[in-house]
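Engineer: Build me a model:
(3 chains)
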Amino acid sequence: MATQTKPQSATDRSTAFKWSMVIDLDRCTGCEACVVACQSENNVPINEESAFIEGRAFEWIRLERYWEGEWPDIKARFIPVLCQHCENAPCEPVCPVYATYHNNEGLNVQVYNRCVGTRYCGANCPYHARQFNFWEPVWPEDLRHQLNPDVTVRTRGVMEKCSMCVQRIRRATRSKTPSDIPDGAFNPACVQACPTSAMTFGNLNNPESKVSKLQNDERRYHVFEHLGTAPTTLYLKQVDTHGA
Amino acid sequence: MAHEEHAIPQVPTHQEVASDIMARFQNVNQRYWSWVSLLALLFVGGIVGFVMRLSDGFDDRSNWGYYTATLSFLASTFLAMPIISAGLRLAKANWRRPLTRLTENMAITGVLIWFMLIPALIALPPTEGRLSVWFDFPHWMAFRGGNLMVWGTVVLIGLFLLWLLAVPDLAAVRDHMPASPRGKLARVLSVGWTGNTRQWRVLHSGALLFGAFYLLLYPTLQTLLQADFQAGLLPGMKDAIAPATALINALQGAVGLTLVVMYVMRRFGGYERYFGIDQFWALSKPLLAFSLLWFYFWWGSFITFWYGRQPGESELIRFMVLDSYRYPLMVSFMLNFIGPLVALVWNPVRRSIWGPTIVGAGVLVGALVNHIRWYVAPFSVPDPPAGEAWPHVLPEIPAGQLPGAADALIVVGGIAGAVLLFMLINKIIPVVSMWEVGEGLRLVKVRRFLARYAMVIAKSH
Amino acid sequence: MYYRRTLTEAQINQQLLGTVLTTPLWWIVLVSLLGIVVAGAVGAVGWMINQGLGVTGLRQPVFWGFFITNFIFWVGISHAGVMISAILRLSQAEWRRPMVRAAETMTVFALMASLAMPLVHAGRPWRIFYWVFPYDWARGIWPDVRSPLVWDPIAITTYLTSSMLFVYTALIPDLAIIRDRSTGWRRSVYGVLSLGWHGNPRQWKIQGFAGILLSALILPVFVSVHSIVSWDFSVSLVPSWHVTIFAPYFVIGAVHSGVSAVVTLMIIMRKLYKLENFIWEEHIDALARLLMVVALAWMFLFWLDLVFALWLREEQEITVWMLRMFEPPWSWLFFLFFMFSFVIPVPLWMFRRVRRSFTWMLWTSLLVNFGMFLERFLIIVPALMRKGPQTFTYATYRPSPVEFTIIFGTIALVCFLLLIFSKFFPLIPLWEEKEGQLLIDHVKVGNVYVPALVKEH
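Structural biologist: Prediction:
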């Protein structure tokens, strides 16, 4: 079950954690292991065929695939998109019931049992990172044993999105200080599952962590930087070595 | 109201009113000439300031900020006056009759304003590399020609309305003082008016039609003013409400100016019987409404920019609202919104001569300060380095620009010039409309109604 | 001319109270039919709450659709009441008299219909109480006042409360008349409701003062309600929503839509209740002229919206407008909206014969409201469909039968409530009509007798 901390300003440095993720698109092969891992870790509802037909299938992290160029020079470009945990999150001030707020560890947090489902946060998210339970999620009997007991099972009518596996963060950091937790000691499910280590997760407040070092990479960029949302998720551009 | 309950209200005949107005029109006394001389002096001072700026050239646009602010203040306050008369005539409000002529006469200031437009247009940078409503059209044809045409048309329609609605009175001047130079001028201008039914019908239809044109075209003028002289110079400025805000502010200023002019005419011109409590009370209501709308329109743009927290918008808010131009905004906020709201909410204040006048004067000062904020700020944004396109976010926030000596001369001189033109036209066309007031008096009778006397006003459609 | 002095007080009483004192067959039939539609809509809502919002056509990223369109639409219609009663009362326009109560009542019911929409569209409507009610129920957390969705219920309930007060205050003299003409339990109920009204000068003075005070106080509410609703969109980051013009644009659109609805209401009322003596050509003529001015102002603001939307030449903004205007089926809807809201009605209204014809005015006013519903729809859905450049997540929206049922249900609900209201309270204020007739006079100008009005000196 996910626990929440009191809402505090994102710039409050009173705790020592500031979680962030870096995704290297040069290493990403589009295998979608992260998608599967996230689904099983976070009790994300199963997408049956009917969900796809209705357009209501959702994943907390999705691989967006774009075709570039004309045959025979077609390239597939893909980018894993998940909640960017923006520091200037447009989804936060618009929720009427404080179901989403920025906690003091740099995460944009979603409180399921407070959400009434107005979907304003979803309308305001430029990354389409937020998902809504249009139907009551149903798991077949035998799959219920697969559900993660650390994560709430949501009902219909609530919004959900990537939480950076906050349950894993809580489990790892409970009663510990940053010095007790070496960089890479634990990861969200997607980072853990990625076979090419394209995804990196860590504490930005630790200058020695991998994510801190990658912040200055020459391939760095944020998605939709011009919108002023200040996402904490950093992407590293893919470099083409064969022609265009 | 108590003291009026048992008094029988007196309604003058239209002949009495006509001869009274004509007598005032004929009398050009010493006091009038001293006012005209003072205003002419101030206007010459304004020309001196203008020449000072001209000698500095057009390379540094920030020199022309205050000039443009004066231009826009005049275009917004003085040129919006005919809207008051057109609008009230459309609404068939009977209390408008004494004040329509003075609002129409203000259209004469359009002559000065149109010529003032030309240097301001020269000061604007070309449209290449810059976002504007003209979408990269060849620059001199588009925004310079377009502006001159639109402003020119507005001014011309205003002048036409000024003339058309004065024709019956000019005929009266022609008949009353045929030998004098003013009488001769009136003969030419009154184009053989005899006052038959057909002529009256043409006059009324013309007034309605061209009044409607003015009402439709004036918002376009304000749109161009805001688009070209403000939004086009501020990187990242996407403010769709700005022309509507400017229009509302212009109307508020016009109502304020009407009130101030009426008060001055009462105090110094002896026109008390024309500009009475009815006029002030009735105008106080739109003044209050426009003051509330001032805040409403300003808030509409502020909340959108501020809440969005987008980079371009945040810079603009810091520039125009929170940092560089904070003090002009606060002054304008008090004089255009808080002051009128707090004062005009009270019945005794609204229903007085002094109340709406003081508020109206405050509104005018606030409007001038607001126009300074609106136009000095964008004019102080420097051009991008040669060859580069204009950025979409303000690269750095200029500090607030205080007026220089030339600027002060221009502001005072511009306003003086407009008032001067108004004073001069009042001695060519009577400042209170004899025919319109007379028409109203013919439609009003005093009758007993229940326990008291009431005015019975005919509604002729 | 609406200054004809044609009816005695007794005739006014008898004709306007006819609807209250008798129950015609058509009323029963209409109320039953509308009741069935309303019941159907309630059933649809129940089904939706039971199954989840999946029964609608909504999907990522189009999270808002028909329900929010309908919400804005009904808030828009509600602006008719204040326009007619308050503004025309303050500007002393005589032709408002037959319309004030019907318009104000339509406002109240339209606001109720509009409040139902955010309740219904939420994912967990049974939890909405926590949202609407400004109290910290649990864990020390109050509603988030930064959210426009918290400003909305505050604004709308304020407007609803003040409108209800307005209707009630203006109703008191008429309630007394009904009290005096009824017996038994009806007499006691109307007696309580009429608050001991006896029509003496002191009471009339208070009544007049209350009317003016309420009119003046309700004006800021009137302007702010739809502006606050429009800021739901303005403060977001969605392209074509994040514009500054929405507040006055929505308010003017609301007046356009609302006054057209009053025209529809007046004409239907006149037909059903046989009110030919009270609702004349002059009334719809005056309404049509008001509509023309409002429509022109609306067109100016629409044009500003479009031009300044394209000003910064942002790609997404242009994409949304291209979708709205050029890609079917949105382009067809856009064409219909533009035709129906402006291009067809406004030029027609320039002709006196059209303005004075009940049939023409009925159809043009209905057309306007159909167009305005489409306008709200076109603001909301295409913008969400093309929110960002990530074409991988592009989707379309098609409203489901459940949504259609609920929309029609709200229309039926408002009509239903109006009919029920007319059973207990007269739709045209008796005292306003009588006051209007008292103020009629004639002035001889030359050889002609010109109708005139008595005004305070």
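
Engineer: Show me the strands in chain A, by range?
Structural biologist: A:19-24, A:62-68, A:75-81, A:100-102, A:108-110, A:131-132, A:159-160, A:199-203, A:220-221, A:234-236 (DSSP state E).

Engineer: and the last one, what does it pack onto?
Structural biologist: Other elements packing on strand A:234-236 under the criterion 3 or more CB pairs under 8 Å, 6 or more residues apart in numbering or on different chains; DSSP states H and E are strand A:19-24, helix A:210-214, strand A:220-221. Just so you know, the C-beta spots here come from the backbone N, C-alpha and C atoms, and that holds for glycine as well.

Engineer: what residues does it touch?
Structural biologist: With contacts defined as CB atoms under 8 Å, 6 or more residues apart in numbering or on different chains, strand A:234-236 is touched by A:20-26, A:79, A:211, A:214-215, A:217, A:219-223.

Engineer: export the strands of chain A to a markdown table and tack on mean neighbour count?
Structural biologist: Shown next, in a markdown table, are the strands of chain A (neighbours: other CB atoms under 10 Å in any protein chain shown):
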| stretch | mean neighbour count |
| --- | --- |
| strand A:19-24 | 24 |
| strand A:62-68 | 14 |
| strand A:75-81 | 17 |
| strand A:100-102 | 24 |
| strand A:108-110 | 24 |
| strand A:131-132 | 24 |
| strand A:159-160 | 24 |
| strand A:199-203 | 24 |
| strand A:220-221 | 12 |
| strand A:234-236 | 21 |
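
Engineer: dump the residue contacts of the one residue in chain A that gets nearest to chain B.
Structural biologist: Among the residues of chain A, A:Gly228 lies nearest to chain B; the distance is 4.4 Å by CB to the nearest CB. Under the criterion of CB under 8 Å, 6+ apart, the neighbours of A:Gly228 are A:88, B:308-311, B:314.

Engineer: near chain C, from those?
Structural biologist: Of the residues in the contacts of A:Gly228, proximity to chain C by CB under 8 Å from any CB of the partner chain holds for B:308, B:310.

Engineer: ok, the contacts of A:Gly228 vs C:Phe370, which is closest?
Structural biologist: Nearest to C:Phe370 among the contacts of A:Gly228, counting by CB to CB, is B:Gly308 at 32.7 Å.

Engineer: Counting neighbours, what do you get for C:Ser8?
Structural biologist: Check again: residue C:8 is Thr, not Ser. Counted by other CB atoms under 10 Å in any protein chain shown, the residues lying close to C:Thr8 total 11.

Engineer: What values do phi and psi take at it?
Structural biologist: phi -80, psi 170 (degrees, to the nearest 10).

Engineer: Where does the prediction get shaky in chain C?
Structural biologist: Across chain C, the ranges flagged by pLDDT under 70 are C:1-5, C:138-139, C:456-457.

Engineer: Now name the helix or strand holding whatever residue of it ends up closest to chain A.
Structural biologist: Scanning chain C for proximity to chain A using CB to the nearest CB identifies C:Gly123 as nearest, at 1.8 Å. Of the helices and strands defined by DSSP states H and E, none includes C:Gly123.

Engineer: For A:Arg168, give its distance to B:Leu90.
Structural biologist: With distances taken as CB to CB, to the nearest Å, A:Arg168 is found 70 Å from B:Leu90.

Engineer: higher neighbour count, the two?
Structural biologist: A:Arg168 (21 against 15).

Engineer: The more buried one contacts A:Pro188, correct?
Structural biologist: Yes. Counting by CB atoms under 8 Å, A:Arg168 does reach A:Pro188; the two are 6.2 Å apart.

Engineer: what sits in contact with each of those two?
Structural biologist: Counting by CB under 8 Å, 6+ apart, the residues touching both A:Arg168 and A:Pro188 are A:Glu41.

Engineer: Quick one: closest of the helices and strands packed on strand A:234-236 to B:Asn94.
Structural biologist: Nearest to B:Asn94, of all the helices and strands packed on strand A:234-236, is strand A:220-221, at 67.8 Å by CB to CB.

Engineer: ok, residues contacting the closest one?
Structural biologist: A:214, A:234-237.

Engineer: a markdown table for these, including pLDDT?
Structural biologist: Shown next, in a markdown table, are the contacts of strand A:220-221 (pLDDT from 0 to 100):
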| residue | pLDDT |
| --- | --- |
| A:Leu214 | 94 |
| A:Leu234 | 96 |
| A:Tyr235 | 96 |
| A:Leu236 | 96 |
| A:Lys237 | 93 |
